[in-house]
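K.L.:
Here is a sequence with its predicted model. Questions after.
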Amino acid sequence: MKDNTMPTLNALDPTPEQIKEFLSHEKAGEPVFMLNLLKFKDRATYKDGEDISGREAYGRYAKGFAKINGDQTETIFGGNANAFLIGEGQGEWDAVAIVKYDSAQAMFDAVSSDAYRKIHKHRRAGLAGQLLISCDNEKVF
């Protein structure tokens, strides 16, 4: 019997190849729904040594992101990852979010601004890694 398991890799940043694919995808000009699977550090890793949870640090990032990009993005869903009903990987992710952007370029611009760079430290301090998957709204079901 063939093994159908697929390896996943939580990461903090995209590779140059991933950025190129994301921005040149055939549906890149349409609304993009970014599926975020998030894994938090137990304790945040701030350079100044501030001792808070990774979840709390990421919360600071999320609040800052909403403040600077709230008119350009829409959080469709955000919640805790609780229990697996199908598949394996319990504990791989702590939270899930779906955020809508007008296009791939709009999403890329949102994470490339000077204002974003100021809040990014909270993301890096709080996240152990994530999967960030670009989805369309094709209504396949």
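P.N.:
Thanks, I have the structure now.

K.L.:
does the residue nearest to the spatial centre of the chain count as helix, strand or coil?
P.N.:
Geometric centre of the chain, nearest residue: N36, 3.8 Å, by Cα atoms, centre = their mean. Secondary structure, DSSP: H, G, I helix; E, B strand; the rest coil: N36 is strand.

K.L.:
For it, list each beta-bridge partner.
P.N.:
Residues in a beta bridge with N36, per DSSP bridges, are A97, L132.

K.L.:
mind checking how far it is from E50?
P.N.:
24 Å (Cβ to Cβ, to the nearest Å). (C-beta placed from N, C-alpha, C; glycine too.)

K.L.:
Can you list the low-confidence ranges for the chain?
P.N.:
1-8 (pLDDT under 70).

K.L.:
all helices for it, in order.
P.N.:
Along the chain, counting by DSSP state H, helices occupy 16-24, 54-69, 104-110, 114-126.

K.L.:
just checking, what packs against the second one?
P.N.:
Translated: helix 54-69. Counting contacts by 3 or more Cβ pairs under 8 Å, 6 or more residues apart in numbering; DSSP states H and E, helix 54-69 packs against strand 32-40, strand 73-80, helix 114-126, strand 127-135.

K.L.:
Of the ones you listed, flag the one that's most buried.
P.N.:
strand 32-40 (a mean of 19; mean count of other Cβ atoms under 10 Å).

K.L.:
For that strand, name the packing helices and strands.
P.N.:
Checked by 3+ Cβ pairs under 8 Å, 6+ apart, strand 32-40 has helix 54-69, strand 95-101, helix 104-110, strand 127-135 packed alongside it.

K.L.:
So what's the gap between that strand and the chain middle?
P.N.:
Averaging C-alpha positions (Cα atoms, centre = their mean, to the nearest Å) puts strand 32-40 3 Å from its chain's average.
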